[in-house]
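*Asks:* Structure of the sequence below:
(2 chains)
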Number of protein chains: 2
Amino acid sequence: MRVRMLVAYDGTDFHGWAKQPDDLPTVQGAIEGSMAKVLGFRVPLSVAGRTDAGVHARAQVVSCDLPGDADLFRLEKSLNRLCGPTISVREMQEAVPDFDARFSAVSRVYRYRLRTERFPDPFAFRFSWHVARSLDVEKMNLAGQCLVGEHDFATFCKKGCAGGTCRRVFSLCVLHDETCSEVETVSVWISANAFCHQMVRAIVGLLVGVGEGRRDLHAVEEALHAKDRRANSVVAPPQGLTLWSVQYGEEH
Amino acid sequence: MRVRMLVAYDGTDFHGWAKQPDDLPTVQGAIEGSMAKVLGFRVPLSVAGRTDAGVHARAQVVSCDLPGDADLFRLEKSLNRLCGPTISVREMQEAVPDFDARFSAVSRVYRYRLRTERFPDPFAFRFSWHVARSLDVEKMNLAGQCLVGEHDFATFCKKGCAGGTCRRVFSLCVLHDETCSEVETVSVWISANAFCHQMVRAIVGLLVGVGEGRRDLHAVEEALHAKDRRANSVVAPPQGLTLWSVQYGEEH
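*Replies:* Model prediction:
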């Protein structure tokens, strides 16, 4: 039976999603290890977004194969007991046989949170980049629009990205959050068919330069056209980034 | 010069506000230690609410005496550098000479956050009690109203509370949060002139029993009248509790 699950995690204490050769704590390692404990055998997982160390996920999608008589309700409960509370497994359910969390995905949405107060907020610093100065949000939004469409994102890709550096960005928005509190926070939302390694963080790093006034409105376009990693050396820190959602076609 | 400051902290990794004899990490210890490092001498702090281990503060008020020529802007910056990001010092300013964060306070507001989803949320578990079942919020609110007014709160007080166990509760509300997300969260808001030790958490512990249907509507009133700690053994865990704000009279 092909199984699909939604997973949320606070990435602070993990060395990313993907298992590491040297037994560092990873989200994949934690879930696979717990499944092996419950089921008695190892189950390889497929994942929609291989998040980096320190990056979070609100609705990561994971797929795997389980025996047809597996009790998904009990397994979900056991996984949450073993992996919680920094990892939460939700909506574990049977999927169509050809569903694959990674290869069936048609788009991914990432959210990058920025905070502009003078000092870091003790309740937000784990999930945001505290830039500590005001940002020109409209200018950032304007500057980022040149990235929408199919482009070679070599400038925004860490070396050694599998499958080349061409990606299709569906949308990019820089918005003030609708918060319930009095504090102003800003989010960069990016949707694309797929992302190169550290692509969102490299884009946000440059956009923050524009928002702070250190870089001009055309800096993003110039960097994109350079197709060279050296054209943009600023990579935003991981804790501000969250894999927000993953979309699949109608057949899934 | 009498100085007043606002302090926010994530209490997760602290053994409460108050300094401990055995050098455990505390919020008071961190701030006093950092002030001594910057100023070259120790400054005793007065505080509005001595929060317990694991309890948070959004707007704790602290007062102290500093030399008249102290540069508050620089000191604030240094304290944030030394204590941040789990502690944030804000709005450090001169106060009237008789201001005392503890003794001038006329009321304190605490917020206790509850979460009702099936599994803990990786982004909320540090700041809420995950009760994992639905709560009858209206019933909790109704049951708690008998606590408003001046009462002997011995039932809800850990043994050895200084100054007796009579307190005046100004208001108690159990409310669904206005969240920006789709998840339903519940907060218990309590305002009082002062609180006995663990009073909010003992009240919340009983109210959750009412909300879950394990205790009836009159359980809170009966417990209050018993004036005996043994009438209520459930104390809600510390991580759900936040000192929200402190009020002072017009003269301050």
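
*Asks:* I'd like to know how far the residue lying farthest from the centre of chain A sits from chain B.
*Replies:* No residue in chain A has its C-alpha farther from the mean C-alpha position than residue A:69, which lies at 32.7 Å (Cα atoms, centre = their mean). Using Cβ to the nearest Cβ, to the nearest Å, residue A:69 is found at 23 Å from chain B. To be clear about C-beta, it is placed using only N, CA and C from the backbone, and glycine gets the same treatment.

*Asks:* I'd assumed residue A:205 was in a helix, is it?
*Replies:* Yes. Checked against DSSP: H, G, I helix; E, B strand; the rest coil, residue A:205 lies within a helix.

*Asks:* I figured it hits residue A:238, correct?
*Replies:* No. The criterion here is Cβ atoms under 8 Å, and residue A:205 misses it with residue A:238 at 11.6 Å.

*Asks:* Tell me where the model's unsure across the stretch 51-200 of chain A.
*Replies:* Along the stretch 51-200 of chain A, the parts satisfying pLDDT under 70 run over A:178-183.

*Asks:* how is chain A carved up into domains?
*Replies:* Domain ranges of chain A: A:2-94, A:106-248, per automatic domain parsing.

*Asks:* Residues in a beta bridge with the closest residue to residue A:177 other than its chain neighbours, which ones?
*Replies:* Once flanking residues are discounted, residue A:177 sits nearest to residue A:185: 4.5 Å by Cβ to Cβ, 6 or more residues apart in numbering or on different chains. Under the criterion DSSP bridges, residue A:185 forms beta bridges with residue A:115.

*Asks:* and residue A:185, how many neighbours does it have?
*Replies:* 18 (other Cβ atoms under 10 Å in any protein chain shown).

*Asks:* and if you look at residue A:232?
*Replies:* Neighbours of residue A:232 under the rule other Cβ under 10 Å: 21.

*Asks:* re earlier: list the residues that contact the residue nearest to residue A:177.
*Replies:* For residue A:185, the contact set (Cβ atoms under 8 Å, 6 or more residues apart in numbering or on different chains) comprises A:113-116, A:124, A:128, A:176-177, A:179.

*Asks:* List only buried entries from the residues you listed.
*Replies:* A:113-116, A:124, A:128, A:177 (16 or more other Cβ atoms under 10 Å in any protein chain shown).

*Asks:* what would those look like in a markdown table with distance to residue A:41?
*Replies:* Shown next, in a markdown table, are the buried ones among the contacts of residue A:185 (distance: Cβ to Cβ, whole Å):
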| residue | distance to residue A:41 |
| --- | --- |
| A:113 | 39 |
| A:114 | 44 |
| A:115 | 44 |
| A:116 | 49 |
| A:124 | 41 |
| A:128 | 40 |
| A:177 | 44 |
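
*Asks:* Just the CA trace of stretch A:104-121, in PDB.
*Replies:* Provided in PDB are the C-alpha atoms of stretch A:104-121 (Å, rounded to 0.1, in the frame of the first residue of the first chain):
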ATOM      1  CA  SER A 104       4.400  13.800  -8.300                       C
ATOM      2  CA  ALA A 105       4.800  17.300  -6.800                       C
ATOM      3  CA  VAL A 106       4.000  20.100  -9.300                       C
ATOM      4  CA  SER A 107       5.000  23.000  -7.000                       C
ATOM      5  CA  ARG A 108       6.300  24.000  -3.600                       C
ATOM      6  CA  VAL A 109       5.700  27.100  -1.600                       C
ATOM      7  CA  TYR A 110       8.300  28.400   0.800                       C
ATOM      8  CA  ARG A 111       7.800  31.200   3.300                       C
ATOM      9  CA  TYR A 112      10.700  33.200   4.700                       C
ATOM     10  CA  ARG A 113      10.000  35.300   7.800                       C
ATOM     11  CA  LEU A 114      11.800  38.600   8.600                       C
ATOM     12  CA  ARG A 115      11.600  40.700  11.800                       C
ATOM     13  CA  THR A 116      12.500  44.300  11.900                       C
ATOM     14  CA  GLU A 117      12.300  45.200  15.600                       C
ATOM     15  CA  ARG A 118      15.400  46.600  17.400                       C
ATOM     16  CA  PHE A 119      16.000  43.500  19.400                       C
ATOM     17  CA  PRO A 120      15.100  39.800  18.700                       C
ATOM     18  CA  ASP A 121      11.800  38.600  20.000                       C
END
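
*Asks:* where do the strands sit along the stretch 101-250 of chain A?
*Replies:* Applying DSSP state E, counting those that start in this stretch to the stretch 101-250 of chain A gives strands spanning A:105-115, A:129-130, A:149-152, A:166-176, A:185-192, A:241-248.

*Asks:* Dump those strands to TSV, plus distance to residue B:34.
*Replies:* Output for the strands of the stretch 101-250 of chain A, formatted as TSV (distance: least, Cβ to Cβ, whole Å):
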stretch	distance to residue B:34
strand A:105-115	22
strand A:129-130	19
strand A:149-152	48
strand A:166-176	33
strand A:185-192	27
strand A:241-248	30
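
*Asks:* how close does residue A:238 get to residue A:14?
*Replies:* Residue A:238 is 10 Å from residue A:14, where distance means Cβ to Cβ, to the nearest Å.

*Asks:* actually residue A:201, not the one I wrote
*Replies:* 16 Å.
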